[in-house]
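Q: Let me see the structure of the following:
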Amino acid sequence: MANVICDETMESVAILAKLALSEEEKEQARKDMERMLDYIDKLNELDTTDVEPMSHVFPVSNCFREDIVSNGDGSASLMANAPEKRENQLVVPKTI
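A: Residues are numbered from 1 along each chain as shown. This is a model prediction of the structure:
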């Protein structure tokens with residue numbers, strides 16, 4: 001079960017991740033990756049035949065809803081409070 005990662009694999013992973021690692025960092029990363037792969041192998045030993053795959057950790061039915069206008073856009077009340085308006089639009093100071 002002991003996974004062994006060769007030098008070429010470590011070099012290609014470092015290049016893909018755009019990492020410049022020292023020799024000590026490469027060795028530590030190799031050990032960490034080997035431990036991760038060993039753990040994944042251990043998880044693969046579990047019997048998951050009756051386990052339903054899930055796409056989300058929380059039950060989500062439909063997170064999208066229809067856009068329904070319930071009380072209009074409120075433009076009349078907005079324009080009533082406008083200090084200056086022109087052709088049903090707010091007039092604001094020019095900023096540069």
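Q: can you tell me which residue is nearest the centre of this protein?
A: Nearest to the geometric centre of the chain sits His56, at 12.9 Å (CA atoms, centre = their mean).
Q: Go ahead and confirm Ser75 touches Gln89.
A: No. Look at Ser75 against Gln89 with CB atoms under 8 Å: they stay out of range, at 9.8 Å. For the C-beta atoms, the positions are set from N, CA and C on the backbone; glycine is no exception.
Q: returning to that earlier point: may I ask which helix or strand encompasses the residue nearest to the centre of the chain?
A: If you go by DSSP states H and E, His56 is not part of any helix or strand.
Q: got the contact list for the longest helix anywhere in the chain?
A: Looking across the chain with DSSP state H, the single longest helix is helix 23-44. Helix 23-44 is contacted by residues Met1, Ala2, Asn3, Val4, Ile5, Met10, Val13, Ala14, Leu21 when judged by CB atoms under 8 Å, 6 or more residues apart in numbering.
Q: hmm, try it at 7 Å
A: Contact with helix 23-44 is made by Met1, Ala2, Asn3, Val4, Ile5, Met10, Leu21, as judged by CB atoms under 7 Å, 6 or more residues apart in numbering.
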